[in-house]
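S.K.: sharing a model that was predicted from the sequence below.
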Amino acid sequence: MDVKLERALQLVQKPARYTGGEFRQVVKDRSEVKVRIAFCFPDTYEIGMSNLGLHILYSVLNNLDYVWCERVFAPWRDMEEQMRGSGIPLYGLESGDPIRDFDIIAFSLGYELSYTNVINMLDLAGLEPRAGDRHDSSPLVIAGGTCTFNPEPLADFIDLFAIGEGEDIIGEIVSLFSETKIAGKGKKEFLKSAAAVSGAYIPSLYCMSYRDNGTLAMIAHEDNAELPVMKRIVSDLDAAFFPVEPVLPSTSIIHDRAVLELFRGCIHGCRFCQAGHIYRPVRGRTRETLVRQGIEALKGSGYNELALLSLSTSDYEQLVELCDELLEYCEPGRINLSLPSLRADNFSAELMERVQSVRKSGLTFAPEAGSQRLRDVINKNVTEEEVLDTCRVAFEGGRNSAKLYFMLGLPTETDEDVIAIAELSKAVLSTWKKYASNKSRGVRITVSTSFFVPKPHTPFQWEAQISMDEYVRRTELLRGAMRTKAIKYNWHEPAQGFIEATLARGDRRMCDVIETAWRNGARLDSWNECFSLERWMDAFRECGVDPAFYANRERERDELLPWSVVSAGVSEDFLWRGRVASRAVATAPAQNRSMR
């Protein structure tokens, strides 16, 4: 280990974040690989190592003989201070080598408030943040993940965006890069060739022009560039790689557990949900594949919990049978089976008996809205009767806690809708009082509200976000309507949600704002203790950009949207019809439930 790094690690909290050396990390001979990749997760080690996508792509890339992929995470503030003070460049955990010497730097973008971390990590690596300022021999900087469905706010910093699911496209990009490198060609030649890769969006091949009112007027592009760039999907999940032997963390992480991905997509089409639209169509793994992968993941990790993951896990048709087969392995070893994403409309006593057979856990549901009218507006398709019936089943089965998640600021929301959250919460409490089988322990009901952010590629992409002051007023209204000690009310502060909305629906003019905010000290913005609204508002003022133009403005139907450069495979007409239906308080049926 470098002497300067060893000295720095003695001065920071959680030095295990920065040492590498974990069980199953991949170490290769530098001289025997053609392409070195720094897989950068723009948040801390604990967050990144809990991310399934990181483990999938890390293994997919390292399974290529000619590639060595290493992990890189954003340092916490104390480590950044040591790195800058001691001249330690950002490095790969596996080798300790500076990532500026790698061939490709790949970012995973899952949250808009990580954007300043991207710039900070490039700077810590000793690279210019802007793609146009980096020389041709510098590493290729690419990005993938959910946030790339609006790549424009980072367009000036990233050489290539991989749109959609990454298992296939990443291999094609790396193979083409290797061929280009062997041929002695540079990055510019590679990018021209990469335009032919399905799902590759290369910002330098596109040019945006704007009207006097600030809206986007036209998207010009070079002849070899696709418009829009269609997302990539993995059609056969059974055949897709799944990491049953992942790198095991050397310190505690957010989710210390083995995971099993049942399916991708969602059948319900909630109108606020970006993931439910961009991950269409619904594709699942067979029960036989899942049982095998689940057991192998537990054997390969030693964890005492297996989480069954998907956008709505209880929609998996053979979930009860799957749980039964997995429990044959889990119960003797006292391994807990958890289902973190359930819906109130298909939760059953039968399912509850299985998931609590080893250890009882709390009940968590997201009704999203308090009134039936507003749930119909957002197409949640869950009734109050179903929520209360689910709680009854859980309370009769011995559970004594429930967590309920809602959003404030949804389109057409009124004060009556806000108060309806309190009424529904009180009805859940009454259900416990009436049906609980174990009242001696008392009950814990937690209600949480978040700030609604209209996201691209959803029926609500045209909607305005309410102001921060109005959000605060609604939280106070709800708090005043819910004065009972048995119900705890938590709410998210609005500032981060406001900045998230500006970034989510931003265009290329946001690049200046993001860089200015970073130069003013913004980084790790998803952490409350690091976030500063004042820094961001100063950056908007310095750049002459009005944040309300992005967050608080309703879009017209015919407005050209910045994220029109990419396609999630769902037409704008379809999304608009969903918005019209929301205003008519009309619901849409679920998609085909078949997972195969």
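M.R.: Thanks, I have the structure now.
S.K.: from now on I want contacts and neighbour counts done on CA atoms only, so please keep to that.
M.R.: OK.
S.K.: Arg71 contacts Cys40, correct?
M.R.: Yes. Under the criterion of CA atoms under 8 Å, Arg71 makes contact with Cys40 at 6.2 Å.
S.K.: just confirm Leu296 contacts Pro243, I think it does.
M.R.: Rather than Leu, residue 296 is Glu. No. With contact defined as CA under 8 Å, Glu296 does not reach Pro243; the gap is 9.4 Å.
S.K.: looking at those two, which is more packed in?
M.R.: Comparing Glu296 with Pro243 by neighbour count (other CA atoms under 10 Å), the higher total belongs to Pro243, at 21 against 15.
S.K.: find the residue closest to the more buried one in space, skipping its chain neighbours.
M.R.: Excluding its sequence neighbours, the residue lying closest to Pro243 (CA to CA, 6 or more residues apart in numbering) is Ile56, at 5.7 Å.
S.K.: the host helix or strand of the one you found packs against which elements?
M.R.: Using DSSP states H and E, Ile56 sits in helix 52-62. Packed against helix 52-62 by the contact rule (3 or more CA pairs under 8 Å, 6 or more residues apart in numbering; DSSP states H and E) you find strand 35-41, strand 67-73, helix 166-182.
S.K.: can you rerun that using 7 Å?
M.R.: strand 67-73 (3 or more CA pairs under 7 Å, 6 or more residues apart in numbering; DSSP states H and E).
S.K.: any idea of the angle the strand it packs on forms with helix 52-62?
M.R.: On the basis of axes from the mean of the first three to the mean of the last three CA atoms, to 10 degrees, strand 67-73 is oriented at 150 degrees to helix 52-62.
S.K.: so after strand 67-73, what's the next helix or strand?
M.R.: Remark: after strand 67-73, the chain's next helix or strand is helix 77-86, criterion DSSP H and E.
S.K.: could you list the buried residues of stretch 392-412?
M.R.: By 16 or more other CA atoms under 10 Å, the buried positions in stretch 392-412 come out as 392-411.
S.K.: contacts only, for the closest residue to Tyr550 other than its chain neighbours.
M.R.: Spatially, and ignoring its direct neighbours in sequence, Tyr550 is nearest to Thr502 (5.0 Å; CA to CA, 6+ apart). Shown in contact with Thr502 (CA atoms under 7 Å, 6 or more residues apart in numbering): 547, 550-551.
S.K.: repeat that with 8 Å
M.R.: Applying CA atoms under 8 Å, 6 or more residues apart in numbering to Thr502 gives the contacts 547-548, 550-551.
S.K.: which of those residues lies closest to Pro228?
M.R.: Within the contacts of Thr502, proximity to Pro228 (CA to CA) peaks at Tyr550, which comes in at 21.6 Å.
S.K.: in three-state terms, label Ile105 for me.
M.R.: When classified by DSSP: H, G, I helix; E, B strand; the rest coil, Ile105 comes out as strand.
S.K.: what does the pLDDT read for it?
M.R.: Note on Ile105: pLDDT of 98.
S.K.: and what of the one 10 residues further on?
M.R.: According to the model's per-residue confidence, Tyr115 sits at a pLDDT of 98.
S.K.: again, but for Arg7
M.R.: pLDDT recorded at Arg7 is 94.
S.K.: for Thr286, see how far away it is.
M.R.: For Arg7, the distance to Thr286 (CA to CA, to the nearest Å) stands at 50 Å.
S.K.: between these two, who's got more neighbours?
M.R.: Ranked by neighbour count (other CA under 10 Å), Arg7 and Thr286 place Thr286 first, with 17 against 13.
S.K.: I'd guessed the more buried one sits against Ala239; true?
M.R.: No. Contact between Thr286 and Ala239 fails when scored by CA under 8 Å: they sit 10.5 Å apart.
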